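S.K.: What follows is a predicted structure for the sequence shown.
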Amino acid sequence: MKKNLLLVGLLLALSLGVSAQSKEYNGFAFGFKVGPGFDWTGSTTGAAVNEGTKVGMNFGLAAEFYFAENYAIVSGVNINLNRGHYSFTDGVLDSLAHLKTYNVDRMYKGTVYEIPLMLKMVTNQFGDFPMRYFAQVGAGFGYASKVKVADAFDGVERPDVYGVTNKEFSNLRLALKAGIGAQYSIDETMRLFLAVNFSHDFVNNINSISPNYYKFYQGNKQIGEREVKLNLLQNRVGIEVGILF
């Protein structure tokens, strides 16, 4: 817990350090956000199958740095409680060197600490109603301290308790992010916003790095195979509600 709190503090310090350089434009805004996230996985090798969408949460600190009236750099700190459900085929060699395969049905959860860096493009206000709409695109740079999994094998009921695994999962995450939303000005210094964001990993926190996926041979004869890596890429649609000052 202390390590996680320290990590959040470092990310926040970095975010605020960037914001301090942007105040000269008189376009700095800072606030808070929270909302649900809908997660699912994909496999670039086809070795894993997505088993549905899981609901997580995300919350954090939002910072905007306007360098022009309708353009801003968006950053801050995101804390994403990721969830997922996928399955894959695994196998073991018995005493006679025969490959026995079985299905692994896996649920996982992890916490990703992320710094987003996005370009925000905002429309002008329409009429007297203080509402403006926006689109944003960029990237998210994240770190997952650990991932917890609960496995079921060939339909056997999975345990109630999630076990911690760091062996098969990378800690780093790099995601492409894009979104749309609207913001309502309460007064000159305060506004509410609602955003829907899509996030897609291209360096991800659930990419199997285990060396145990390989082809099985007996002498020179191949007797079975598994994919080299599961290569799981996480996708998320997140809804954010927040306030900026």
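M.R.: Sure thing, it's come through. Residues are numbered from 1 along each chain as shown.

S.K.: contacts, neighbours, all on C-alpha from now
M.R.: Noted.

S.K.: check contacts around Met131.
M.R.: Contacts for Met131 were tallied using Cα atoms under 8 Å, 6 or more residues apart in numbering; they are Gln125, Ala182, Gln183, Tyr184, Ser185.

S.K.: Nearest residue to the third one in space, please, no chain neighbours.
M.R.: In this case it means Gln183. Once flanking residues are discounted, Gln183 sits nearest to Phe193: 4.1 Å by Cα to Cα, 6 or more residues apart in numbering.

S.K.: what's the distance between the one you found and Phe169?
M.R.: 34 Å (Cα to Cα, to the nearest Å).

S.K.: again, but for Phe28
M.R.: For Phe28, the distance to Phe169 - Cα to Cα - is 37 Å.

S.K.: repeat for Asn231
M.R.: From Asn231 over to Phe169 the distance is 10 Å, taken as Cα to Cα.

S.K.: So Lys120 sits against Ser75, correct?
M.R.: No: Lys120 is beyond contact range of Ser75, at 10.2 Å (criterion: Cα atoms under 8 Å).

S.K.: more neighbours, those two?
M.R.: The neighbour count for Lys120 versus Ser75, taken as other Cα atoms under 10 Å, is higher for Ser75 (27 against 21).

S.K.: now the helices for the chain?
M.R.: Secondary structure of the chain (DSSP state H): helices located at 2-20.

S.K.: distance between the ends of stretch 150-170?
M.R.: End-to-end for stretch 150-170, by Cα to Cα: 17 Å.

S.K.: Counting neighbours, which bits of it end up buried?
M.R.: For stretch 150-170, the neighbour count (16 or more other Cα atoms under 10 Å) marks Ala150, Asp151, Glu168, Phe169, Ser170 as buried.

S.K.: for stretch 183-192, same thing?
M.R.: Gln183, Tyr184, Ser185, Arg191, Leu192.

S.K.: okay, these in JSON lines with pLDDT and distance to Trp40 next?
M.R.: As requested, the buried residues of stretch 183-192 are exported to JSON lines (pLDDT from 0 to 100; distance: Cα to Cα, whole Å):
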{"residue": "Gln183", "pLDDT": "95", "distance to Trp40": "28"}
{"residue": "Tyr184", "pLDDT": "95", "distance to Trp40": "31"}
{"residue": "Ser185", "pLDDT": "93", "distance to Trp40": "34"}
{"residue": "Arg191", "pLDDT": "93", "distance to Trp40": "32"}
{"residue": "Leu192", "pLDDT": "96", "distance to Trp40": "29"}
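
S.K.: and which of those is nearest to Phe198?
M.R.: Phe198 lies nearest to Gln183 out of the buried residues of stretch 183-192, by Cα to Cα, at 18.1 Å.
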